[in-house]
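[1] kindly generate the corresponding structure for this input.
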Amino acid sequence: MSRIFYCIALIWALSGAALAQDFTALARVQPDQSRIIDSGRTAVQVNLGVSQGVPYRIFTLRDPYRMVLDFQEVDWTGLSAEEFLQTDRISGVQFGAYVPGWSRMVLELGAPMAVDTAELKIDQISGAALLTLQLVGTDFDTFNASAGVPQNHGWDLPEPAVTTSETPRNATQVLRVMLDPGHGGIDPGAEFGGIDEKTMMLTFARELRELLLRSGGYEVVLTRVEDQFVSLERRIALAHRAGADVFISLHADSLSEGQAHGAAVYTLSEDASDVASVKLAERHDRDDLLSGVDLNGADDQVTDVLLDMARQETKPRTTSLAGAIANGMAQQGGPMNRKPLRTASFSVLKAADIPSVLVELGFLSSPRDLKNIKNPEWRAKMALGIYQGLEDWRQQDVIRRSLIGQ
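    Predicted structure coming up:
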């Protein structure tokens, strides 16, 4: 087991107050989900609940023996060391701010220990997550050989370049598309038959990007370009900072029953959109809420109203986008799900001002879908279908927006 774990939690909490009281992007510890307990005869289990995605790393130090967890960034309010620490095998725990933008937790070890497993369980709908570490005893020589502060500080996600949104584009102008390959890093997504969702969706995103760029009239940005975690919250922020005109999240699910099959396109459900403005304001920096709009000086009520207005304007455009993409994929042979247009409360669909859809290419648990998704020729047809859908939509969108403006 390596002494350093480079991880980014895929967490976006949907819990909290009805209106945000502050607009920081801090992850907040969930005390009722956080405990350090005995696990078996000699092992220790660390459970840490957090409210949203943050990069973190783990390493060990000696003299005295310690295990260090660095986070970017956690609000520890409400967590009591006495309630958190429920084992005598850890002699003490400390947590707090470390340097600007970073928080640290230090476990004081009674004897040398190592991380045996690190697991992040994620609710794919709400984004709520629980980090679980299994610590086991190790010998002095092994611990001392691996202990030390890591020297590579480039493990966290780079800051994206900030761009501003332009005025609405006409049919001949470049359309800026944000492609979002689902999952990544330690979150593989669906896995079936030796294939994982994160890898196939990154492959498809690259193929779709190349097709759009070759066709002309498109700028394409990816939320991730390699096998890395990007939090649900950050994916939306990246779309705003890139000035994206549309957001397309790419997925291929798996069901244990193995009965579902065919492609589908999701938009945000009515129930989710009712509270999405509040949750966006609660979990995002205000610079990331609306493209080209500075909300830093706006109070909670004004922010909520502006987000709701943007969402009402964007909703019919999103519905049209989903229909156009589903139709384009169907024209290329699909196969499509029996209900190709669906709604759900997926967090990545909650940008108020960017038409956002989630494309489910199929189900890895379906033998037919799995065979298709592994086939480059089939993926090329689906990429062409999405391109044709975008072409149809952009023409319709120009007409729709011009009529609204009259």
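[2] residues making contact with the strand or helix carrying Met105?
    Using DSSP states H and E, the secondary-structure element containing Met105 is strand 102-109. The set of residues external to strand 102-109 that reach it, using C-beta atoms under 8 Å, 6 or more residues apart in numbering, is 36, 46, 64-76, 90-98. Every residue, glycine included, has its C-beta placed from N, CA and C.
[3] buried residues in that strand, which are they?
    Taking 16 or more other C-beta atoms under 10 Å as the basis for neighbour counts, the residues of strand 102-109 that come out buried are Trp102, Ser103, Met105, Val106, Leu107, Leu109.
[4] repeat for stretch 367-375
    Within stretch 367-375, the residues that qualify as buried by neighbour count (16+ other C-beta under 10 Å) are Asp369, Leu370, Asn372, Ile373.
[5] the first one: what's it in contact with?
    In this case it means Asp369. When the contact criterion is C-beta under 8 Å, 6+ apart, the partners of Asp369 are Ala252, His261, Gly262, Leu361, Gly362, Phe363.
[6] the residue nearest to it when sequence neighbours are not counted and Val246, how far apart?
    On the basis of C-beta to C-beta, 6 or more residues apart in numbering, the spatially nearest residue to Asp369 that is not a chain neighbour turns out to be Gly362, at 3.2 Å. With distances taken as C-beta to C-beta, to the nearest Å, Gly362 is found 21 Å from Val246.
[7] and what of Asp88?
    As for Asp88, its distance to Val246 is 55 Å (criterion: C-beta to C-beta).
[8] ok, the two, which is more surrounded?
    Val246 (22 against 9; other C-beta atoms under 10 Å).
[9] surely the more buried one meets Leu179?
    No - counting by C-beta atoms under 8 Å, no contact exists between Val246 and Leu179, whose distance comes to 9.5 Å.
[10] and the end-to-end length of stretch 184-198?
    Start-to-end span of stretch 184-198 (C-alpha to C-alpha, to the nearest Å) is 5 Å.
[11] now do it, average pLDDT.
    Computed over stretch 184-198, the mean pLDDT rounds to 85.
[12] buried set for it?
    Going by neighbour count (16+ other C-beta under 10 Å), the buried part of stretch 184-198 is Gly184, Gly185, Ile186, Asp187, Gly189, Ala190, Phe192, Ile195, Asp196, Glu197, Lys198.
[13] can you check stretch 221-238 too?
    By neighbour count on 16+ other C-beta under 10 Å, the buried set for stretch 221-238 is 221-224, 228-238.
[14] stretch 50-64 too?
    By neighbour count with 16+ other C-beta under 10 Å, stretch 50-64 contains the buried residues Val50, Ser51, Gln52, Gly53, Val54, Pro55, Tyr56, Arg57, Ile58, Phe59, Thr60.
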